[in-house]
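Participant: below: sequence and its predicted model.
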Amino acid sequence: MALSTTTNEAGLYRFLFLNPGKYKLVATIVGFKTFERGNIQLTVSESATLPVTLEVGAQSDRTLQYTISTYYGERPLHDVLDRTAWHAAQHTRQLMLMLESSGMAPDRPLTGDDLRGLPVPDEVWG
C-alpha cells in the first residue's frame with residue numbers, strides 16, 4: 001500500500017495514524033534527485049521524525065508519473081507530454097513530410113501571431 005502527502009509552506013510533512021510495521025519513505029520533486037529511505041520500523045504509539053534533504057539534480061523517476069503544475073492545473077507529467085509535446089511532434093512531422101513531398105519548406109518558425117484566433121491559451125506563448 002502506498003500513501004502520499006505534500007509538504008506545507010514550511011517544508012514539513014506528516015503521515016497520521018500509520019499502523020505498526022516497516023515503511024519506506026520516498027520524496028520527489030522536479031529538478032531534484034529522488035530521496036529514498038527504507039527499513040523504517042514504526043511501533044505502536046510511536047512518533048518518528050525523518051528529515052529529508054533533496055539534492056539538486058535530474059529527476060530520477062523516468063516513468064514520468066509525477067505531478068507538475070501547468071497553466072491548466074496539476075497534471076501527471078506523462079499526460080502533459082503525451083497530450084502536448086509528443087502529440088504535437090507527430091502532427092508536425094506529418095505536416096513537414098507532406099510539405100517536403102510537395103517541394104515546400106518553412107520560411108520561419110511559428111509565432112503567437114500565426115495562431116491568433118485558434119483555441120490556444122495565451123499562456124502557451126508567454
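Facilitator: Everything's here; your move.
Participant: and residue 56, how many residues sit next to it?
Facilitator: Around residue 56 there are 7 other residues, counting by other Cβ atoms under 10 Å. (Each C-beta comes from the backbone N, C-alpha and C, glycine too.)
Participant: just checking, what packs against the lowest-mean-pLDDT helix or strand in the chain?
Facilitator: Across the helices and strands of the chain, mean pLDDT, DSSP states H and E gives its lowest value to strand 67-70, namely a mean of 77. Judged by 3 or more Cβ pairs under 8 Å, 6 or more residues apart in numbering; DSSP states H and E, the packing partners of strand 67-70 are strand 73-76, helix 77-81.
Participant: please identify the most buried of these.
Facilitator: helix 77-81 (a mean of 15; mean count of other Cβ atoms under 10 Å).
Participant: how far away from the center of its chain is it?
Facilitator: Helix 77-81 sits 7 Å away from the centroid of its parent chain (Cα atoms, centre = their mean, to the nearest Å).
Participant: what's it packed up against?
Facilitator: strand 67-70.
Participant: neighbouring contacts of the strand it packs on?
Facilitator: Outside strand 67-70, the residues that touch it by Cβ atoms under 8 Å, 6 or more residues apart in numbering are 30, 74, 75, 76, 77, 80.
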